[in-house]
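Novice: Prediction below, plus the sequence it came from.
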Amino acid sequence: KSSDEEGEEEGTVENGAELWAWKRARGVAEKEVEALLAQGDVTLIIVDDNLYYRSMRYTFCQLARQYRVGLLTVVLDCNVPLALQRNRQRDEAERVPDKIIHRMSTRLELPDPSSHPWERHSMFIAPDSIRGQGK
């Protein structure tokens, strides 16, 4: 089993309907990225997702190799207390349950170029280095 499958079984996504919707949305996103790459004239594609399992990122690495384009993983390196604080500032309908943030933090597989050379193009950004206004 992939770590994705293990996470799904352990309840990263709360119920069967959410799991189905989540898998479907991920599949659609991957196909959209591949379609853009196949056009051959795209300068930049940003995949805005937590991609907390390495296997999730590897899917995009394989697409980058297939289409001979660069890939950069940007990690917004935010600790759990700050993530919880920022999450509480969101509109209620957009908040993620605290238990999901805690669970994802324990499952997050950060890029590790020493063990996985394909992750060598990774950038870590600390939250205090991000300027601007937001909730």
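Specialist: The structure has been received and is ready for your questions. This structure is a prediction, so every number in the text was calculated from the model and none was measured. Residues are numbered from 1 along each chain as shown.
Novice: any chance you could map the helices in the chain?
Specialist: 3-9, 16-39, 54-67, 80-88, 98-107 (DSSP state H).
Novice: Of these, give the one that comes closest to His121.
Specialist: helix 54-67 (9.3 Å; Cβ to Cβ). C-beta: built from backbone N, CA, C; applies to glycine.
Novice: ok, and what's touching the closest one?
Specialist: By Cβ atoms under 8 Å, 6 or more residues apart in numbering, the surrounding residues in contact with helix 54-67 are 2-4, 26, 30, 33-34, 37-38, 40, 47, 49, 51, 70-71, 73, 109, 111, 116, 118-119.
Novice: likewise stretch 110-128?
Specialist: 54, 57-58, 61, 70-78, 82.
Novice: Now with 7 Å, please.
Specialist: Contacting residues not belonging to stretch 110-128 are listed as Arg54, Cys61, Leu71, Leu72, Thr73, Val74, Val75, Leu76, Asp77, Cys78, Leu82 [Cβ atoms under 7 Å, 6 or more residues apart in numbering].
Novice: Quick one: distance of it to the chain centre.
Specialist: Computed by Cα atoms, centre = their mean, to the nearest Å, the chain-centroid distance of stretch 110-128 equals 13 Å.
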